[in-house]
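> coords below, sequence missing:
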C-alpha cells in the first residue's frame with residue numbers, strides 16, 4: 001500500500017551512526033566528526049519532513065527554530081540562506097547537510113581517522129542512501145493520490 005511504501009521509505013540514520021562509531025573510533029576530533037555527521041543526517045531528514053508533515057512544520061516553522069533546537073548552527077543557517085537565495089526557493093535543500101557530511105567524512109579520511117577506502121566508501125554510501133530515501137519521501141509528497 002502507499003502508506004507502507006512511505007513508511008519503509010523513512011530514512012533512519014541509525015546505521016550511519018553505528019558505522020561511524022565502529023569505523024571512526026576515538027575521542028576528541030573523531031567524536032566531533034561522528035556527532036557532526038549524525039547531526040547533519042538528522043537535519044537533512046527534518047528538512048525533508050518539514051515539507052511533508054504539518055506536525056513537523058509546526059515544530060520547526062523557520063530555520064531559526066532548527067538553530068534553537070541545536071540541529072543547525074548560525075553559520076550553517078547563513079550557508080542555507082545563500083543556497084535558497086541562489087535557487088529562488090524553487091528546489092528542495094534537504095541534500096545540503098548531507099553534502100556537508102560527505103565533505104566531513106572525506107576530511108576524516110584525509111586525516112587518517114578512517115582506516116580504509118572500503119570503510120570510507122561505506123560511510124559515503126550511507127549518506128547517499130539517506131539522501132535517496134529523503135528524495136523518495138518528497139516524491140510521495142508531490143504526487144498526492
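Received, thanks. Values in this document were obtained by computation on a predicted structure and should not be read as measured data. Numbering: from 1, shown residues only.
> In this protein, where is pLDDT below threshold?
143-145 (pLDDT under 70).
> give me that answer again for 80
For the chain, the stretches with pLDDT under 80 are 1-2, 88-90, 141-145.
> Pick out the residue closest to the middle of it.
Geometric centre of the chain, nearest residue: residue 41, 2.6 Å, by Cα atoms, centre = their mean.
> That one reaches residue 97, doesn't it?
Yes. Contact criterion Cβ atoms under 8 Å: residue 41 and residue 97 qualify, at 7.3 Å. Yep, even glycine has a C-beta here, placed from its N, CA and C like the rest.
> Would you mark the buried spots in the lengthiest helix in the chain?
Criterion DSSP state H: the longest helix present in the chain is helix 117-142. Buried residues in helix 117-142, counted by 16 or more other Cβ atoms under 10 Å: 119-120, 123, 126-127, 130-131, 133-134, 136-138.
> Which single one of those residues is nearest to residue 31?
residue 123 (15.5 Å; Cβ to Cβ).
> contacting residues around that closest one?
For residue 123, the contact set (Cβ atoms under 8 Å, 6 or more residues apart in numbering) comprises 16, 19-20, 23-24, 105, 114.
> Next: residue 46.
56, 60, 66, 71.
> so how far is the host helix or strand of the third one off the chain centroid?
By that I understand residue 66. Assigned by DSSP states H and E, residue 66 falls within helix 63-68. Chain-centre distance of helix 63-68: 15 Å, with Cα atoms, centre = their mean, to the nearest Å.
> and the helix or strand just after that helix, which residues are buried?
Using DSSP H and E, the helix or strand that follows helix 63-68 towards the C-terminus is helix 74-86. Neighbour-count burial for helix 74-86, counted by 16+ other Cβ under 10 Å, picks out 76, 80.
> so what does helix 74-86 touch, helix or strand wise?
Contact partners of helix 74-86 among helices and strands, from 3 or more Cβ pairs under 8 Å, 6 or more residues apart in numbering; DSSP states H and E: helix 63-68, helix 96-110.
> again, 7 Å this time
If contacts are counted by 3 or more Cβ pairs under 7 Å, 6 or more residues apart in numbering; DSSP states H and E, helix 74-86 sits against helix 63-68.
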